[in-house]
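Participant: need coordinates for the following:
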Amino acid sequence: MKSLKTLIERNLQIRVIGFDDAPFQKRRNSAIYITGAVCAGTVFEGMLWGKVQKDGSDATDVLSGMVTSSKFHEQIHMVLTDGLAFGGFNLIDLPELASQLDRPCVAVMRKPPDIPAIQKALRHFDDCPHRLELLEKAGPVHQTDNFCFQVIGEHPDITAEALKRISNQGNVPEALRIAHLIGSAVVSGQSGRRA
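Facilitator: Sure thing, here's the model as predicted:
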C-alpha cells in the first residue's frame with residue numbers, strides 16, 4: 001500500500017474511514033452506536049455500523065474489528081476518529097489501533113482538549129491510571145490553521161496535508177462529517193446541527 005506521503009506527492013486519491021459516535025443516553029454501560037464513513041477523498045463510498053459500551057474500555061478492539069472484518073480494509077490509507085473517546089470516556093488506545101490496523105490513526109478535534117478537565121473526570125473511574133495512560137499514549141496535540149489532531153503512524157505535517165485533501169471546507173474531514181450526520185439521523189430521526 002502506498003504511503004500518505006507518496007499519495008500526496010503524486011496527487012493520488014486518499015481513502016479514509018472516519019468514526020463518530022451517535023447520540024446516546026447518559027446511563028453507564030449502555031450501548032453506544034458507532035458510525036464509520038468511508039470516503040475516497042471527499043466522496044462517500046460506504047459505511048460501517050457497530051457499538052461500544054458507554055464509559056467502557058472496548059473502543060479500540062471494536063474499531064479495529066470493524067475495519068479488519070470489512071470489505072474496505074485493504075483500501076483504507078488512514079483511520080480518523082472524532083476525538084479520543086467514544087460514548088463518554090471509552091478511550092481509544094491510539095498506538096494500539098494504529099498497530100493493529102497498520103495504518104496511520106488520527107484523532108481529530110474541533111478545538112484543543114481541556115486536559116485538566118478530562119483528567120479530573122477520569123478520577124471517577126476505578127481504572128483511572130489506565131485511562132490517564134491512554135491519554136498520554138496518544139501523543140501531543142498538533143494544531144494547524146484548519147485542524148487540531150493527534151496522530152500515530154505518520155508525521156504531523158503529512159497528516160495535516162492529508163486532512164486538507166479529504167475536507168470540503170472548514171476543520172472537519174468529510175468522512176467524520178458524514179459519520180456524524182448518519183449516526184445522528186439513525187438514532188434521533190434527523191441529522192444533527194453540528195457536523
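
Participant: neighbours around the nearest residue to Ser167 once chain neighbours are set aside, how many?
Facilitator: Nearest residue to Ser167 in three dimensions, chain neighbours excluded: Pro173, at 4.9 Å (CB to CB, 6 or more residues apart in numbering). From N, CA and C alone the C-beta is placed, and that goes for glycine too. Neighbours of Pro173 under the rule other CB atoms under 10 Å: 30.

Participant: Pro173 touches Ala107, doesn't it?
Facilitator: No - the pair Pro173 / Ala107 is not scored as a contact, 11.8 Å apart, by CB atoms under 8 Å.

Participant: what residues are shared contacts of the two?
Facilitator: Common contacts of Pro173 and Ala107 (CB atoms under 8 Å, 6 or more residues apart in numbering): Leu80.

Participant: what's the lowest-mean-pLDDT helix or strand in the chain packed up against?
Facilitator: Within the chain, no helix or strand scores below helix 174-188, which has a mean of 87 by mean pLDDT, DSSP states H and E. With contacts taken as 3 or more CB pairs under 8 Å, 6 or more residues apart in numbering; DSSP states H and E, helix 174-188 sits against strand 15-21, strand 31-40, strand 43-53, strand 78-82.

Participant: got the contact list for the residue sitting furthest away from the middle of the chain?
Facilitator: Distance from the C-alpha centroid of the chain peaks at Arg10, with 25.6 Å (CA atoms, centre = their mean). The neighbours of Arg10, taking CB under 8 Å, 6+ apart as the test, are Lys2.

Participant: would TSV of the helices and strands packed on helix 174-188 with distance to Gln150 be doable?
Facilitator: Putting the helices and strands packed on helix 174-188 into TSV (distance: least, CB to CB, whole Å) gives the following:
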stretch	distance to Gln150
strand 15-21	14
strand 31-40	19
strand 43-53	19
strand 78-82	9
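
Participant: which one of the ones you listed lies nearest to Lys71?
Facilitator: Comparison of these against Lys71 by CB to CB identifies strand 43-53 as nearest, at 7.8 Å.

Participant: could I get the CA-only coordinates of the closest one as PDB?
Facilitator: Taking Å, rounded to 0.1, in the frame of the first residue of the first chain, the C-alpha atoms of strand 43-53 are listed here in PDB:
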ATOM      1  CA  VAL A  43     -16.600  11.300  -1.900                       C
ATOM      2  CA  PHE A  44     -18.700   9.000   0.300                       C
ATOM      3  CA  GLU A  45     -18.300   5.300  -0.600                       C
ATOM      4  CA  GLY A  46     -19.500   3.200   2.200                       C
ATOM      5  CA  MET A  47     -20.400   2.800   5.800                       C
ATOM      6  CA  LEU A  48     -19.800   0.600   8.800                       C
ATOM      7  CA  TRP A  49     -22.000   0.300  11.900                       C
ATOM      8  CA  GLY A  50     -21.100  -1.000  15.300                       C
ATOM      9  CA  LYS A  51     -21.400  -0.300  19.000                       C
ATOM     10  CA  VAL A  52     -19.300   0.200  22.100                       C
ATOM     11  CA  GLN A  53     -20.100   0.300  25.800                       C
END
